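Undergrad: below are the sequence and a predicted model; questions follow.
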Amino acid sequence: MALILPVKGVAPEISSDVFVADNATIVGDVSIGHKCSVWFNAIIRGDVNYIRIGEFTNIQDGVVIHCTFKRNGTDIGNYVNIGHNAIIHGCVVHDYVLIGMGAIVMDRTIVESNVIVAAGAVVLEDMVLESGYLYAGVPAKKIKPLTQNQLAMLQELPHNYVEYSSWFTDPMD
């Protein structure tokens, strides 16, 4: 069973239709909206500040989401895909974003809607990632505009994860 704990009297608020894997950890001032999924070994730690996650967002295996004491909460929008082993820390991620596997997004960064952060990218503090672009590298840089296929994928992928999570909650379907 997932580890879901209050911190200093503040318990996570998780919509009833969220899939949370058995070994995920969610603690403290965390809010997770409808149709999200939190996959195996993910950690969402709202112990030193808040974490807000919108609807239809998937937090994939091994992701760490944290915040900064007395400085930066973490806001994640709707229809966001956070790839395996990514780190999201004290930043703002708007809607229809893909954070690639192993990427790091640091404090006070703003990721606008319709952005792809490539696998392994390191987004440094205080960056603003402009809508409609792919960012990659260490440190991350704007690489090129998103294609129509990439924009369509940002629309489709969150719904795929709703389906995948149903395999665990409705195993006979």
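TA: Noted; the coordinates are in hand.

Undergrad: could you tell me how many residues sit around the residue lying closest to Gln150 once chain neighbours are set aside?
TA: Once flanking residues are discounted, Gln150 sits nearest to Ile116: 6.2 Å by Cβ to Cβ, 6 or more residues apart in numbering. C-beta here means a position set from N, CA and C on the backbone, and glycine is covered the same way. Neighbourhood size, Ile116 [other Cβ atoms under 10 Å]: 26.

Undergrad: from the contact counts, what lies against the helix or strand hosting Ile116?
TA: Taking DSSP states H and E as the criterion, Ile116 maps to strand 115-117. For strand 115-117, the elements it packs on are strand 97-99, strand 133-136, judged by 3 or more Cβ pairs under 8 Å, 6 or more residues apart in numbering; DSSP states H and E.

Undergrad: sheet partners, orientation included, of the next helix or strand after that strand?
TA: Per DSSP H and E, the first helix or strand lying C-terminal to strand 115-117 is strand 122-123. The partner list of strand 122-123 in its sheet, established with DSSP bridges, is strand 104-105 (parallel).

Undergrad: average pLDDT across the strand it pairs with?
TA: Average pLDDT, strand 104-105: 98.

Undergrad: and for stretch 52-71?
TA: On average, stretch 52-71 scores 97.

Undergrad: which parts of that stretch are buried?
TA: Buried residues in stretch 52-71, counted by 16 or more other Cβ atoms under 10 Å: 52-68.

Undergrad: the lengthiest strand in the chain packs against which elements?
TA: Selection of the longest strand in the chain by residue count, based on DSSP state E, yields strand 43-53. Contacts defined by 3+ Cβ pairs under 8 Å, 6+ apart place strand 43-53 against strand 25-32, strand 64-66, strand 74-76.

Undergrad: which residues does the residue nearest to Gln150 contact?
TA: Val97, Leu98, Gly100, Tyr133, Leu134, Tyr135, Leu146, Gln150, Leu154 (Cβ atoms under 8 Å, 6 or more residues apart in numbering).

Undergrad: which strand residues bridge the one residue sitting closest to the centre of the chain?
TA: In the chain, the centroid-proximal residue (Cα atoms, centre = their mean) is Ile82; its distance is 4.3 Å. Here Ile82 sits in beta bridges with Ile59, Ile99, going by DSSP bridges.

Undergrad: could you measure from it over to Val10?
TA: 23 Å (Cβ to Cβ, to the nearest Å).
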